[in-house]
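>>> below is the structure, and that's it, no one-letter string:
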């Protein structure tokens, strides 16, 4: 039996009011980059130059290996290397339980809960992978080469990110060529610079690319949103800068909603990213519940809840077939109700102390650096505000052409171009506040610089080719909208248009010459940044280039001439190297997790000898000081005394916070002259230096760059984990 057709009007499902979908916006030809990527020859050329970029990225990072050999650089990389050795020997899970009794004597440090383990996991994985495929390599060599390999990977993902944002694979290649050798990228990825940022920047760019890719079409999120989450989890494991990645993606999603570009697949992509990413992030002990309790990560959480609210509202609209007027009224009521309830819950959680305060490092990004209130943070050079000269040094011409590429992002904006705009603005702002954050500006600067350079090349080639070919008359098959757009454009006078070929030649010549000087500058910077610091290149009396290894020899002396349980007192900068090279116990290191403990160390160094000895005899068997000024390098411990005194005085009120300096003739101030650190530095090397009573010289390096003293009449050791009662411990009060 046939049923009668329902003659009532069919109910049409409503959709989010939107002028065009993301897929339509993505497929729409860009005014500047239309018609690329369709030629086989072009594809081969792109792959060739992309390969050149990857090779350059690797080669530029090998200068240190070619000159100094396969050695770990700087300070922090030595801890990372030591931690990698521990993980390789004991396994990942035991690593998370590792309590290190050879650092931060006498209290020690729980490494598993205070370390981002991504770098170690990566190197151990590579070690086992190479062994499996029959290409074994020592863990030292793997750690040396990891930064260079990941420099190439970052370059590759910069290509993908630029291509996704601009829809121009050719612009992507240019961006990759820039990123490969850009000093701002090189600064944290030279071979031997085995630090977290070496892999973190790769994770940042990869996560941003995957996020943008997940928004390309209404179905892209099926695959790319989970991939974004996995990439973000790796980023969390790699570096504390994961908060920037999380907030960047959260800001982008929230901004899209705020300007009326909400879509169901934006909701799906962000929700999958946030849920899976957060679930993975909280598995790392150093992170724990911070994604849900930290003020620094609150905004992405609010965006997540906001998107659920929007999804519910549009679901109700579709289900009840609301008209625009009805939906507007529903929105006002529902958002008011949810907003009021949310404000109550947020207020309760905030005042109950559920959300933790902003860290000093985060505070320093939003207030003048000298007002962080923590002299320990202020003493770290890479936490200082960025001088304008640094942008020329680390970006060169890219700094000046990037703004022009930035404005290209405003042409026919898509969701991913909006992401590019926000990324450029935020990364530039943060790079201005802290020197080390020049690193996160390097990808965004390379993206927009690559776009403007490729547009200039494309325009120039088109003008030169067009001037030699007579244009053919073709029927106008454009759409009415395209015709109207053309008619409304400004018409360039024919007299000026005739100069285009000449301007194009000048433009190409300028790009070629500038590219040459840019390459030369980057190569020079690559060589300068490839000095491992633990080894120094210099010249002997005959003018021959030699490798000065005073630091290594001093650490080896400790390793070979002191008991295995010896405790070495030195300023915290050198703790990681003493642990990693000398294999001896240290008082403090670059983790700087305990301000009061470092202040106690500082108090010993800036106090007069007898007062300092009363502290040192309970903590150390030997004292190590850097005295590189006797070799012509003045960034030694005496140069650090103003910071050491300031840190000590922030806890111990009997310690003056200022007054540790030398005048223009090299004469010490009275406070510096009386200090233990000054006496240890100059004893026997400066005329009329006062003899030492409580410390005995044990070793001075060949070039007098390092001096080691034995502490006399050392006190009996107190049980590990507690301070000797005779030590006066202070409390830091943030000012």
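All right, it came through fine. On a predicted model such as this, the values are computed, not experimentally measured, just so you know.
>>> list the helices and strands whatever helix or strand residue 197 lives in packs on?
Per DSSP states H and E: residue 197 is located in helix 196-214. Using 3 or more C-beta pairs under 8 Å, 6 or more residues apart in numbering; DSSP states H and E as the contact test, the elements touching helix 196-214 are helix 118-132, helix 139-166, helix 221-238, helix 242-258, helix 264-281, helix 415-433, helix 438-467. From N, CA and C alone the C-beta is placed, and that goes for glycine too.
>>> mind listing the strands for the chain?
99-100, 109-110, 536-539, 545-548, 567-569, 585-586, 622-626, 695-700, 706-711 (DSSP state E).
>>> in JSON lines, list the ones you listed along with distance to residue 523.
Below are the strands of the chain laid out as JSON lines (distance: least, C-beta to C-beta, whole Å):
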{"stretch": "strand 99-100", "distance to residue 523": "40"}
{"stretch": "strand 109-110", "distance to residue 523": "40"}
{"stretch": "strand 536-539", "distance to residue 523": "17"}
{"stretch": "strand 545-548", "distance to residue 523": "18"}
{"stretch": "strand 567-569", "distance to residue 523": "39"}
{"stretch": "strand 585-586", "distance to residue 523": "37"}
{"stretch": "strand 622-626", "distance to residue 523": "30"}
{"stretch": "strand 695-700", "distance to residue 523": "37"}
{"stretch": "strand 706-711", "distance to residue 523": "32"}
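>>> with mean neighbour count, distance to residue 728 and mean pLDDT added, can I get those strands in CSV?
Shown next, in CSV, are the strands of the chain (neighbours: other C-beta atoms under 10 Å; distance: least, C-beta to C-beta, whole Å; pLDDT from 0 to 100):
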stretch, mean neighbour count, distance to residue 728, mean pLDDT
strand 99-100, 16, 26, 96
strand 109-110, 18, 22, 94
strand 536-539, 14, 39, 84
strand 545-548, 13, 40, 89
strand 567-569, 23, 17, 97
strand 585-586, 24, 21, 97
strand 622-626, 24, 19, 97
strand 695-700, 16, 21, 97
strand 706-711, 22, 18, 98
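>>> which one, of those strands, ends up nearest to residue 297?
strand 109-110 (22.7 Å; C-beta to C-beta).
>>> rewinding a little: with respect to residue 344, which of the strands of the chain lies nearest?
strand 109-110 (37.9 Å).
>>> which regions of the protein lie under the pLDDT threshold?
1-37, 358-373, 377-383, 467-492, 731-735 (pLDDT under 70).
>>> switch to 80 and redo it
When residues are selected by pLDDT under 80, those of the chain lie in 1-39, 353-385, 466-498, 540-541, 543, 728-735.
>>> for residue 174, what are its contacts?
Contacts for residue 174 (C-beta atoms under 8 Å, 6 or more residues apart in numbering) come out as 162, 449, 450, 451, 453, 454, 457.
>>> residue 463 too?
With C-beta under 8 Å, 6+ apart, residue 463 has these contacts: 500, 501, 503, 504.
>>> tell me how far the third one lies from residue 635.
Which is residue 503. 49 Å (C-beta to C-beta, to the nearest Å).
>>> isn't residue 241 up against residue 203?
No. With contact defined as C-beta atoms under 8 Å, residue 241 does not reach residue 203; the gap is 9.2 Å.
>>> those two: which is more packed in?
residue 203 (26 against 22; other C-beta atoms under 10 Å).
>>> ok, now which ones touch the closest residue to the more buried one other than its chain neighbours?
Closest residue in space to residue 203, ignoring its immediate chain neighbours: residue 235 at 3.7 Å, by C-beta to C-beta, 6 or more residues apart in numbering. Residues near residue 235 by C-beta under 8 Å, 6+ apart: 118, 200, 203, 204, 207, 241, 242, 245.
>>> who's in contact with residue 417?
165, 409, 410.
>>> centre of the chain to stretch 329-345, how far?
38 Å (C-alpha atoms, centre = their mean, to the nearest Å).
>>> hmm, who's touching it?
With C-beta under 8 Å, 6+ apart, stretch 329-345 has contacts from 305, 309, 313, 316, 317, 322.
>>> what do you get for stretch 500-514?
397, 453, 456, 457, 459, 460, 461, 462, 463, 464, 466, 467.
>>> repeat the analysis, applying 6 Å as the threshold.
397, 456, 460, 463, 464, 467 (C-beta atoms under 6 Å, 6 or more residues apart in numbering).
>>> in it, what's buried?
Buried positions in stretch 500-514, judged by neighbour count with 16 or more other C-beta atoms under 10 Å: 500, 501, 504, 507, 508, 511.
>>> how close does the last one sit to residue 167?
Summarising the geometry, the distance separating residue 511 from residue 167, computed by C-beta to C-beta, is 22 Å.
>>> same question for the first one.
For residue 500, the distance to residue 167 (C-beta to C-beta) stands at 25 Å.
>>> try the second one
Computed as C-beta to C-beta, the residue 501 to residue 167 distance reads 27 Å.
>>> what's the neighbour count on residue 458?
Count around residue 458 with other C-beta under 10 Å applied: 18.
>>> to clarify, my last question referred to residue 600.
Residues lying near residue 600 (other C-beta under 10 Å) number 23.
>>> next one: the one 10 residues further on
Under the neighbour criterion other C-beta under 10 Å, residue 610 is assigned a count of 10.
>>> residue 295 now?
14.
>>> okay but it is in contact with residue 355, surely?
Yes. The pair residue 295 and residue 355 qualifies as a contact (C-beta atoms under 6 Å) at a distance of 5.2 Å.
>>> wait, residue 588 touches residue 599, no?
No. Judged on C-beta under 6 Å, residue 588 makes no contact with residue 599 at a distance of 10.0 Å.
>>> in ChimeraX, select just the buried ones from the contacts of stretch 329-345.
Burial among the contacts of stretch 329-345 is assessed by 16+ other C-beta under 10 Å; the matching ChimeraX selection reads:
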select :309,313,317,322
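>>> distance of the residue lying closest to residue 254 once chain neighbours are set aside from residue 388?
In this structure, residue 254 finds its nearest non-sequential neighbour in residue 303, 4.2 Å apart by C-beta to C-beta, 6+ apart. Residue 303 sits 34 Å away from residue 388, going by C-beta to C-beta.
>>> neighbour count winner among these two?
More crowded of residue 303 and residue 388, by other C-beta under 10 Å: residue 303, with 22 against 9.
>>> in contact with that one, which residues?
So, once contact is read as C-beta under 6 Å, 6+ apart, residue 303 ends up touching 250, 253, 254.
>>> dump those residues into CSV; add neighbour count as well.
Converted to CSV, these look like this (neighbours: other C-beta atoms under 10 Å):
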residue, neighbour count
250, 23
253, 28
254, 18
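>>> just checking, residue 110 touches residue 99?
Yes. If you go by C-beta under 6 Å, residue 110 and residue 99 touch, sitting 5.0 Å apart.
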